[in-house]
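*Asks:* structure for this input, please:
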Amino acid sequence: MPDNWIETLKYDAQGLIPAIAQDHQDGTILMMAWMNRHALELTVATGEVHYWSRSRQELWHKGATSGHIQKLKKLYYDCDRDVILVKIEQVGDIACHTGARSCFFTEVLIEI
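*Replies:* Model (predicted):
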């Protein structure tokens, strides 16, 4: 992977890129948040996942206050270079601000 891969990603007009956090062991999708270049750089440099909070308009070190940090295990970008996938170890097994393991706990019941 080239050293400048962060610069080759496709960010939106606000300089953000969606990031999906996935449990590195069982594959569970834990959450989706946004990253900017600085969040990506800090994630890679520290080994702990950082995001950009759109509501607070600030850098967000996931778990800094709750203790539920996300330890980076692997990082991917998709074929279009416009989505990030971080495979993580979720400390405390809680990724969602509601206290749930995953933010994706509401199933939509549909007939197939």
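*Asks:* from here on, contacts and neighbour counts on C-alpha atoms
*Replies:* Fine.
*Asks:* how close does Ile29 get to Thr8?
*Replies:* 25 Å (Cα to Cα, to the nearest Å).
*Asks:* mind giving me the packing neighbours of the helix or strand containing Leu85?
*Replies:* Using DSSP states H and E, Leu85 sits in strand 84-90. Packing contacts for strand 84-90, counted by 3 or more Cα pairs under 8 Å, 6 or more residues apart in numbering; DSSP states H and E, involve strand 17-23, strand 70-77.
*Asks:* strand 17-23 and the longest one, what's the angle between them?
*Replies:* It refers to strand 70-77. If you take axes from the mean of the first three to the mean of the last three Cα atoms, to 10 degrees, strand 70-77 sits at 120 degrees to strand 17-23.
*Asks:* helices or strands up against strand 70-77?
*Replies:* strand 84-90.
*Asks:* so how far is stretch 15-34 off the chain centroid?
*Replies:* Remark: stretch 15-34 is offset 4 Å from the chain centroid, using Cα atoms, centre = their mean, to the nearest Å.
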